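Trainee: Using only what follows, build the 3D model:
(4 chains)
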There are 2 protein chains.
Amino acid sequence: MSNNNKLPTIKEIAKRLNVSASTVSRALHDHPSIGLVTTMRVHKVAKELGYEANKMAIYFKERKTYTIGVIIPDLSEPFFSAALTGVEDAAEASNYNVIIGQSLDNFEREKKIVENMKDHRVDGVLVSLTKETSTYEHFDSLKKYNIPVVFFDRVPNRKDINYVACNLVSGMLQAITKLVGIGHSRIGLINGPAKLAATLQRLEIYFRCLKENNLPMDQDIIVSTTLAKADNKKAINKLLGLEEPPTAVIVFNDYVLLDCIAAVKAAGLVVNKDISFISFANLPIWEYMDSVPLGSIEQFANKQSSMAAEFLFKMINNANKPNSAELPLLQHIIDSEMIDYSLAK
Amino acid sequence: MSNNNKLPTIKEIAKRLNVSASTVSRALHDHPSIGLVTTMRVHKVAKELGYEANKMAIYFKERKTYTIGVIIPDLSEPFFSAALTGVEDAAEASNYNVIIGQSLDNFEREKKIVENMKDHRVDGVLVSLTKETSTYEHFDSLKKYNIPVVFFDRVPNRKDINYVACNLVSGMLQAITKLVGIGHSRIGLINGPAKLAATLQRLEIYFRCLKENNLPMDQDIIVSTTLAKADNKKAINKLLGLEEPPTAVIVFNDYVLLDCIAAVKAAGLVVNKDISFISFANLPIWEYMDSVPLGSIEQFANKQSSMAAEFLFKMINNANKPNSAELPLLQHIIDSEMIDYSLAK
DNA sequence: TTGTATGCGTTATCAG
DNA sequence: CTGATAACGCATACAA
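Mentor: Numbers count the residues shown, from 1 in each chain, chains lettered A, B, ... in the order given. Predicted coordinates:
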């Protein structure tokens, strides 16, 4: 006698009252066409039986799941857990559920997750891409199932997509201008792996901001890392080992920077005295650290993801309308700012 | 012409081949009763049409969703994001999906999330409780829907539940013994809010370990905090302000400890010289910090949650068997260990 | 070897 | 006002 007591259904109620299932259904929805007495009797029995509509049946009929999927590289990165929270909030407001998939920066996993979400017929998908992702057929294939996709933060390098991303130009410009203002003229760059779209972006902005500040460009002080710990250290040490090292460095992101700081200390140097850093992301732990970067350029995890979620719901709702015109592409770029930690300390 | 092209169904295939839907269904499953030719023709057409079974229909029929829900307080805590990852891994292995709900340590939210997960007919629920949760009717109610529940880490103070938790005794004993070994005899405690089950647990273990090490107990060096930042500082400052402050302190968790360290520095004191700390959880950022605790007692987020997930799947599978005997309660307590950071530096 | 009928729980359409 | 029927997509017991 463990689990055989099935949940009450409309049919149950109908049987008890000797009315038809459709009557019960309508009564439960207080449909005006049903007589007051009948309606009340139905409600009464429903309550007695503890009846609750089986949403799965309704969803099945509606061909909807009221569930969206979120695909992100790695939840252990605060950026993405914040992003997920943003999505969850937006979803909750729209009465949607969120199913989650971590790609772990692995392209094959990403594909598998997409496949799985398609199987579960999610009503839409939010994605922040893998480092490895450079083809997008697996997302394109979702169109066949009328599953809309919105990308955020790590977005494909294509024009025909819906996305929300961050424009890091203003922040970077602000940062470099600040560095120049306090006397720096030799500003290096530790960039990411070439695969990542952000890497190219960083490089372009870097060049642009140097130019706007009339600084010379020197290939020697531009290095890159695969983002692996050892490689991060190698990158910073390469800069430190130069005949004329940079006095400030723009770093690909906060995680790389953590390793840089450790390497600087290991070399017997002092952060913000011998060398200063500005990076991207704004890790929540800086406030507890001794050697904080001079600044960090916000990527607004939460803002990006919740806006992406709103886009997605807009698309989902549009698709549900009977004579829906094709929605124009939803694209937004959030302006970033530099956060000045040096002032905070 | 946006979305009206419906997906191919079994009926479609049947129509094209002038056979019945059931034949198609069986052929697609390579049922032996279907003739080879028919089977092949079905497969061929299925491929042409790009047919894929609508899993939602199957799930509906099976009265299953192949989805489990995870309710955790806050994803921004590395502990819980690690826990979620553990669940996701376990779920993936069993071909399940994970829908997620953050209670934000708010009891009402927790109730709402449970309600929502029930509506979505998840096959099971994993929970780490809110700080505020002291009644469990909302979970008990899931029994009615045959939705099994397994708790982890923050578990109800009840015997009739399925859970996985951490036994912090051995770690704490190890920690205090170590402190005693390096000369500490006045070991304080910064405990959490009385609401949390863990608070009482910590206190008990603390007493027990002091006793085992023949240390006196002094109420003056036992303080507590609501876990709010300001309160954390107040707690440590109270200890520091004592006539005879403790030389070592066991702290409720790593987050509290971060604030303690900041306060110690602010007071012009030096961690591990003037005062030493041991706490609970093992935050991944310690390796980048200058003032690391002497040790931390592992709570094994990943291990707890993935084991809890396995329990859950066991229950789910058991419920699916036709003549399933009631499963005994699944309970496990993981032995914790002290992680020695001082050696790592 | 294949087809028919039925059911999962609900709602919409059409009749009465 | 209410009921019968069909449909969502699939699987299976039962017939043939």
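
Trainee: how near is A:T39 to A:N116?
Mentor: 43 Å (CB to CB, to the nearest Å). Heads up, the C-betas are built off the backbone N, CA and C, glycines and all.

Trainee: contacting residues for A:T9?
Mentor: A:51, A:54 (CB atoms under 8 Å, 6 or more residues apart in numbering or on different chains).

Trainee: so where do the helices sit in chain A?
Mentor: A:10-17, A:21-28, A:36-49, A:55-62, A:78-93, A:107-119, A:137-140, A:169-181, A:197-212, A:229-240, A:254-266, A:301-320, A:341-344 (DSSP state H).

Trainee: what's the neighbour count on the residue nearest to A:R16 when sequence neighbours are not counted?
Mentor: Using CB to CB, 6 or more residues apart in numbering or on different chains and skipping the chain neighbours, the partner closest in space to A:R16 is A:V45 (5.5 Å). Counted with other CB atoms under 10 Å in any protein chain shown, the neighbours of A:V45 add up to 19.

Trainee: Mind pulling up the pLDDT for A:V45?
Mentor: At A:V45, the model reports a pLDDT of 95.

Trainee: Do I have it right that it meets A:N18?
Mentor: No - using CB atoms under 8 Å, A:V45 is not in contact with A:N18, being 11.1 Å away.

Trainee: Comparing the helices of chain A, which yields the minimum mean pLDDT?
Mentor: helix A:341-344 (a mean of 59).

Trainee: how about the residues of the stretch 51-200 of chain A near DNA strand D?
Mentor: The stretch 51-200 of chain A comes close to DNA strand D at residues A:60-61, A:63, as judged by CB under 7 Å from any atom of the strand.

Trainee: Relative to DNA strand C, which of those is nearest.
Mentor: Checking those against DNA strand C with CB to the nearest atom of the strand, the nearest one is A:K61 at 4.0 Å.

Trainee: got the helices of chain A as TSV, with distance to B:A82 columns?
Mentor: Formatted as TSV, the helices of chain A follow (distance: least, CB to CB, whole Å):
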stretch	distance to B:A82
helix A:10-17	44
helix A:21-28	44
helix A:36-49	43
helix A:55-62	31
helix A:78-93	10
helix A:107-119	18
helix A:137-140	27
helix A:169-181	30
helix A:197-212	25
helix A:229-240	19
helix A:254-266	16
helix A:301-320	18
helix A:341-344	26
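
Trainee: Need those helices in TSV (columns: distance to DNA strand C).
Mentor: Formatted as TSV, the helices of chain A follow (distance: least, CB to the nearest atom of the strand, whole Å):
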stretch	distance to DNA strand C
helix A:10-17	4
helix A:21-28	3
helix A:36-49	10
helix A:55-62	3
helix A:78-93	22
helix A:107-119	18
helix A:137-140	30
helix A:169-181	49
helix A:197-212	44
helix A:229-240	52
helix A:254-266	49
helix A:301-320	13
helix A:341-344	54
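
Trainee: mind checking which of those is nearest B:Y206?
Mentor: helix A:78-93 (31.1 Å; CB to CB).

Trainee: Other residues contacting the closest one?
Mentor: For helix A:78-93, contacts defined as CB under 8 Å, 6+ apart pick out A:68, A:70, A:72-75, A:97-98, A:100, A:126, A:128, A:152-153, A:281, A:283-284, A:299, A:301-306, A:308-310, A:313, B:75-76, B:81, B:100-102.

Trainee: Go through it and flag the buried ones.
Mentor: The neighbour-count criterion (16 or more other CB atoms under 10 Å in any protein chain shown) identifies A:78-92 as the buried residues of helix A:78-93.

Trainee: wait, which of these is closest to chain B?
Mentor: Nearest to chain B among the buried residues of helix A:78-93, counting by CB to the nearest CB, is A:S81 at 4.4 Å.

Trainee: how much space between the closest residue to A:L258 other than its chain neighbours and DNA strand D?
Mentor: Excluding the flanking residues, the one nearest A:L258 by CB to CB, 6+ apart is B:Y288, at 4.8 Å. As judged by CB to the nearest atom of the strand, to the nearest Å, B:Y288 and DNA strand D stand 52 Å apart.

Trainee: Then A:V19?
Mentor: In terms of CB to the nearest atom of the strand, A:V19 sits 4 Å off from DNA strand D.

Trainee: buried ones in stretch A:159-170?
Mentor: Neighbour-count burial for stretch A:159-170 [16+ other CB under 10 Å]: A:161-166, A:168-169.

Trainee: so which two of the residues you listed are the farthest from each other?
Mentor: Taking CB to CB, no two of the buried residues of stretch A:159-170 sit farther apart than A:N162 and A:V169, at 21.7 Å.

Trainee: I figured A:S276 was touching A:H184, is that so?
Mentor: Yes - look at A:S276 against A:H184 with CB under 8 Å: they come within range, at 7.0 Å.

Trainee: Could you tell me which residues touch both of these two?
Mentor: Common contacts of A:S276 and A:H184 (CB under 8 Å, 6+ apart): A:247-248.
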